[in-house]
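Participant: Give me the fold of what follows.
(3 chains)
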Amino acid sequence: MKFSASRAIMAQKLMARIVLKELEKKTVLFKASTEKAIVGLDVAYRRLSGTEYAYGVALLYDAAKKSAVDCMVATRAVCVPYIPGLLAFREMAVLGPLAVKAIEKWRPSVFFVDGHGLSHPRRIGIATHVGFATRTPSIGVAKKKLVGVIRNGYVVVDGEPLAAVIRTPTGSTIYVSPGYGVTLEDARRTVLKYLKHKLPEPLRLADAISKASKKLVEPSRDFKIHPCPRLLEVGA
DNA sequence: GCGACAG
DNA sequence: ATCTTGTCGC
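Facilitator: Numbers count the residues shown, from 1 in each chain, chains lettered A, B, ... in the order given. Take a look at the predicted model:
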């Protein structure tokens, strides 16, 4: 079936009703400093003879050892266009199944996802989709602002802070927002603990591996998890 | 109409 | 995000 932007928006509004209600009731599943295992999720794309493929990476980061300890790479042809605000529908095709596998295999405390969570037009960014779909805490980390204005270090919409604006050690700016089951302050504090470069370690490493995988892994039409390339040397 | 617009 | 060469700077 062809992708329908209007139906996707309807779906997000329905999800928002549930997620925001839980957030009001302070249904918190994760608190800062309780993390044992963090899984960084990122997606890279590659055009190959008329078909566009998505390379999804799930990287397991050990909070105690402060290093990456495992990773998975998954590929599949993408079937949804990129539309601001609807990024989740494009990336979930590969991140959804991959996140489920990551939970079964690693039992992570929280997911770090590239992209916004709460700081989204309907409060349902990619990070929220991942967390809600898997009922696992998640935090969104974006490199560009999508909505709102910046006031006192936060992205604000209608007077409500939706994301923390953080200046990274490399001088760039990132926007950290709650995905699912996490408060804004806990999301901010947690990301800060792993911020050594432009992105928190679990995401920086997942990003490096997803890009490197494009020339080391043959993509498949349908969703498939490949043997993880021995790339943990990419800064880990 | 104009500007904005995650990855 | 991706397409792309060299190049300026820490």
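
Participant: Torsion angles phi and psi at the residue of chain A positioned farthest from its centre?
Facilitator: Most distant residue from the mean C-alpha position of chain A: residue A:49, 28.2 Å away (C-alpha atoms, centre = their mean). Note on residue A:49: backbone dihedrals following degrees, to the nearest 10 are phi 40, psi 60.

Participant: For residue A:45, list the residues it contacts.
Facilitator: Applying C-beta atoms under 8 Å, 6 or more residues apart in numbering, we find residue A:45 in contact with A:52-55, A:78. Where C-beta positions appear, they are placed from N, C-alpha and C, glycine not excepted.

Participant: what pLDDT does it get?
Facilitator: Confidence at residue A:45, expressed as pLDDT, is 97.

Participant: Please apply the same query to residue A:129.
Facilitator: At residue A:129, pLDDT is 98.

Participant: Intersect the contacts of residue A:45 with the contacts of DNA strand B.
Facilitator: With C-beta under 7 Å from any atom of the strand as the criterion, the subset of the contacts of residue A:45 in contact with DNA strand B is empty.

Participant: Please pick the buried ones from these.
Facilitator: A:53-55, A:78 (16 or more other C-beta atoms under 10 Å).

Participant: What's the local residue count around the residue lying closest to residue A:168 once chain neighbours are set aside?
Facilitator: Residue nearest to residue A:168 in three dimensions, not counting chain neighbours: residue A:198, with 5.3 Å by C-beta to C-beta, 6 or more residues apart in numbering. For residue A:198, the count of nearby residues is 16 (other C-beta atoms under 10 Å).

Participant: Keep only those of the buried ones among the contacts of residue A:45 that are in strands.
Facilitator: Counted as lying in strands by DSSP state E, out of these, are A:53-55.

Participant: Tell me the one of those residues nearest residue A:19?
Facilitator: Closest to residue A:19 out of those is residue A:54 (24.6 Å), distances taken as C-beta to C-beta.

Participant: Show me the beta-bridge partners of the closest one.
Facilitator: residue A:45, residue A:76 (DSSP bridges).

Participant: And what about residue A:207, helix, strand or coil?
Facilitator: helix (DSSP: H, G, I helix; E, B strand; the rest coil).

Participant: And the strands in chain A?
Facilitator: Under DSSP E, chain A gives strands at A:37-48, A:51-62, A:67-77, A:110-114, A:138-142, A:149-151, A:154-157, A:160-167, A:173-180, A:224-226.

Participant: Need the residues that contact the last one.
Facilitator: When contacts are defined by C-beta under 8 Å, 6+ apart, strand A:224-226 is touched by residues A:72-76, A:98, A:101, A:217.

Participant: before we move on, the earlier item: let's have the contacts of residue A:45 in TSV, adding distance to residue A:84 and pLDDT.
Facilitator: Output for these, formatted as TSV (distance: C-beta to C-beta, whole Å; pLDDT from 0 to 100):
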residue	distance to residue A:84	pLDDT
A:52	18	96
A:53	22	97
A:54	18	98
A:55	22	98
A:78	16	96
